[in-house]
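**Q** give me a model of this one.
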Amino acid sequence: MQSLNLVLLLWLLVMLLFSLPVASLELTSPEKKIEYNLEHFSYAGPMAVMQLADDWQGDLKSGKDAISFIQSEISASYNNFHIGYLARKYHQFLIGNDLARGFYYYNNDITLNERMQINAKLESKTYQGKGLRLGYLFHNSFESSHQSSNKRLDSQLTIMPSLVALRLDDIIWGGFEGDLYYASTQEDDWGGTIDLDYAYTEDHVARRPLEGETLGWLYGLDLDITWSSPWLDAQYQGVNVFSQIYWDDLPKTRATISTESAFYLIGAEYFDDAILTAPALHYVQVSAPLFSSSQNTHWLSSAQITEIRSFYYHGLQYRTQPGVLGSRPPLKLGLQYDFASSAIKLSFEHETVMMELASQTLDISKSQQLVLKLGVRLLF
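**A** Below you'll find the model as predicted:
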């Protein structure tokens, strides 16, 4: 199902590009504006997102892996230039359900009738920091004649690459693998032997204390592409399309930790210079009129593509006439559904306010998937 959805979206984008008339991108002067944007995308396979964050409380699920992306930005745009101050948090965990179950039992002080023995493996890529985004908007308009009325219809293409520089103050990069057992929280009823190989600013396994603050840098490229026409609208947003993390003297551990050894931790703890590649996130949205006789009702498909798991939403969007609630462009109301995860997405777009919410249940505290977007725009 995911492959079919991705192929459909890519096919639409390819057809869009091949249908463009030959023209060069022009630099224009769009309206001056100030914006605030908040983006939150989270998925947790083992349990609900909110319960996972709350010390593993709640009902266990059958899924695996987890991802969370949170970003807030306040920005200003003037004469094609974009400058923003943003805060970004990214968490990605490859974690099996058995290991997640073990964490859940331990954190909730659950005693088992029989010892649970698992081969445990966890891989983590997490970072957070604050910094600047600098972008430049390339814009072009295309004219075409409508076959039935010979009217000149405008289509627009905008491309904005952005350079991002973040000062990072938190990172966990790497993981562990080994054999673990659990029966209860008693000293002799849990433990095992695992091999560690990870970097960090706070050690969550061996509890290694660090003196002082260690900081790194992320340099990345974000990319936004928008195509708008009377017959098709398409939008692509890429976060960390290309990025590198540079961290001097990053704390690392490469060792074996064992509850069955008198030495407990055997191996090396050291500092090293690191160059890491941050995972990319991709968002694609495509819409077109559902009926040739009406421009109000559109079909709407979108995709959130990540290394962990991708989500595909399909549904409808209703567009009002221009001028409703003071918005010069049409006001847009969307309703979509992700068949794989049974999540509903609601969207609202106004000239000055944009909102988006996706959840599997009306009670978002019980949902394994959460999407929240909020945007406020002031035009001058």
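**Q** tell me the secondary structure for the residue positioned nearest the centre of the chain?
**A** In the chain, the residue lying closest to the centroid (Cα atoms, centre = their mean) is F69, at 4.4 Å. Under DSSP: H, G, I helix; E, B strand; the rest coil, the three-state class of F69 is strand.
**Q** which residue comes closest to it once chain neighbours are left out?
**A** Leaving out its chain neighbours, the residue that sits closest to F69 by Cβ to Cβ, 6 or more residues apart in numbering is F41, at 4.8 Å. No exception for glycine: its C-beta is placed from N, CA and C like everyone else's.
**Q** partners of the helix or strand harbouring that neighbour, with directions?
**A** Using DSSP states H and E, the element containing F41 is strand 33-44. With DSSP bridges as the test, strand 33-44 is paired with strand 66-78 (antiparallel), strand 369-379 (antiparallel).
**Q** roughly how far out does it sit from the chain middle?
**A** 9 Å (Cα atoms, centre = their mean, to the nearest Å).
**Q** swap in stretch 108-118?
**A** That offset, for stretch 108-118, works out to 34 Å (Cα atoms, centre = their mean).
**Q** and for stretch 265-284?
**A** Its chain's C-alpha centre and that of stretch 265-284 lie 18 Å apart, by Cα atoms, centre = their mean.
**Q** export stretch 136-144 as PDB, just CAs?
**A** What follows is stretch 136-144 as a C-alpha-only set of coordinates in PDB (Å, rounded to 0.1, in the frame of the first residue of the first chain):
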ATOM      1  CA  TYR A 136      15.900  32.800  -1.300                       C
ATOM      2  CA  LEU A 137      12.700  32.600  -3.300                       C
ATOM      3  CA  PHE A 138      12.800  31.900  -7.100                       C
ATOM      4  CA  HIS A 139       9.400  32.500  -8.800                       C
ATOM      5  CA  ASN A 140       8.000  32.200 -12.200                       C
ATOM      6  CA  SER A 141       4.500  32.500 -13.800                       C
ATOM      7  CA  PHE A 142       3.300  30.600 -16.900                       C
ATOM      8  CA  GLU A 143       0.400  31.500 -19.100                       C
ATOM      9  CA  SER A 144      -1.700  29.100 -21.100                       C
END
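**Q** how far off centre is that stretch?
**A** On Cα atoms, centre = their mean, the centre of stretch 136-144 falls 28 Å from that of its chain.
**Q** so which bits of that stretch are buried?
**A** Residues of stretch 136-144 classed as buried under the neighbour-count rule (16 or more other Cβ atoms under 10 Å) are 137-140, 142.
**Q** who's the residue nearest to the centre of the chain bridged to?
**A** With DSSP bridges as the rule, F69 is bridged to F41, Y90.
**Q** show me what contacts it?
**A** Counting by Cβ atoms under 8 Å, 6 or more residues apart in numbering, F69 makes contact with 39-42, 88-91, 239, 281, 306.
**Q** and it, how far from Y136?
**A** Counting by Cβ to Cβ, to the nearest Å, the gap between F69 and Y136 amounts to 24 Å.
**Q** now the helices for the stretch 1-150 of the chain?
**A** 2-18, 49-53, 97-107 (DSSP state H, counting those that start in this stretch).
**Q** lowest-confidence stretch among the ones you listed?
**A** Lowest mean pLDDT of the helices of the stretch 1-150 of the chain: helix 2-18, a mean of 45.
**Q** okay, now the closest residue to R115 other than its chain neighbours: neighbour count?
**A** Closest residue to R115 apart from its sequence neighbours, by Cβ to Cβ, 6+ apart: A183 at 4.4 Å. Using other Cβ atoms under 10 Å, A183 has 17 neighbouring residues.
**Q** same question for the one 3 residues further on.
**A** The local packing count at Q186 equals 8, with neighbours defined by other Cβ under 10 Å.
**Q** how near is it to Y106?
**A** 11 Å.
**Q** so what pairs up with A274 in the strands?
**A** W247.
**Q** that one contacts L250, correct?
**A** Yes - assessed by Cβ atoms under 8 Å, A274 is found in contact with L250 at 4.5 Å.
**Q** more crowded one of these two?
**A** Neighbours per residue (other Cβ under 10 Å) separate A274 from L250, with L250 holding more: 21 against 17.
**Q** is it fair to say that one lies in a helix?
**A** No - the assignment for L250 (three-state DSSP) gives strand, which keeps it out of a helix.
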